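[1] give me a 3D structure for the following:
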Amino acid sequence: MEGYITKRHTVPVKRYCRTMDLKNEQALIAEYIHRHSEGEAWPEILAGIREVGILEMEIYIFGNRLFMIVETPLDFEWDTAMTRLASLPRQQEWEDFMSIFQQCSEGDTADQKWQMMERMFYLYK
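    Numbers count the residues shown, from 1 in each chain. This next block holds a predicted model:
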């Protein structure tokens with residue numbers, strides 16, 4: 001494994017880490033991965049993520065467990081941004097479509113699906 005190169009931002013950033021489980025069915029997991037591949041994610045969803053102030057978002061997978069890293073400017077307010085994101089065009093349609101793959105309820109917003117993780121260790125303290 002070579003690791004992943006991270007993007008350098010022109011401003012200081014903070015990071016949010018969130019997790020969610022997919023339904024543990026290989027065909028659904030494969031389709032979920034495909035729906036998030038380059039050219040498959042809906043353009044409106046990618047634009048909305050940027051519009052609310054998110055600088056970078058990465059999702060990693062292990063089995064059916066997802067781990068998402070979100071990088072934002074220091075003045076980013078999570079709750080305000082997620083409320084705005086939920087109101088953008090096609091966002092709820094995307095969330096409902098993705099819910100067939102996820103262990104969640106149809107109608108849940110992205111913020112309801114993804115659970116915030118707490119950092120418990122930091123090497124550079």
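[2] helices of this structure, start to end?
    Using DSSP state H, the helices of the chain run over 26-35, 43-51, 78-87, 91-98, 110-113.
[3] is it possible to get TSV of those helices that adds mean neighbour count?
    In this view, the C-beta of every residue, glycine as well, is placed from N, C-alpha and C. Formatted as TSV, the helices of the chain follow (neighbours: other CB atoms under 10 Å):
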stretch	mean neighbour count
helix 26-35	13
helix 43-51	15
helix 78-87	14
helix 91-98	16
helix 110-113	17
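[4] so which of these comes closest to Lys7?
    helix 43-51 (13.0 Å; CB to CB).
[5] just checking, Phe76 touches Lys14?
    Yes: under the criterion of CB atoms under 8 Å, Phe76 makes contact with Lys14 at 6.8 Å.
[6] more crowded one of those two?
    More neighbours surround Phe76 than the other of Phe76 and Lys14, with 17 against 13 (other CB atoms under 10 Å).
[7] grab the nearest non-local neighbour of the more buried one.
    Once flanking residues are discounted, Phe76 sits nearest to Gly53: 5.3 Å by CB to CB, 6 or more residues apart in numbering.
[8] contacts only, for that neighbour.
    Shown in contact with Gly53 (CB atoms under 8 Å, 6 or more residues apart in numbering): Thr72, Pro73, Phe76, Ala81.
[9] quick check: the farthest pair among these?
    The most widely separated members of the contacts of Gly53 are Pro73 and Ala81, with 10.6 Å between them, by CB to CB.
[10] just to revisit the earlier point, could the contacts of Gly53 be laid out in a markdown table, adding distance to Gly63?
    Shown next, in a markdown table, are the contacts of Gly53 (distance: CB to CB, whole Å):
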| residue | distance to Gly63 |
| --- | --- |
| Thr72 | 28 |
| Pro73 | 33 |
| Phe76 | 30 |
| Ala81 | 29 |
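[11] point out where this structure drops to low pLDDT.
    By pLDDT under 70, the low-scoring segments of the chain are 125.
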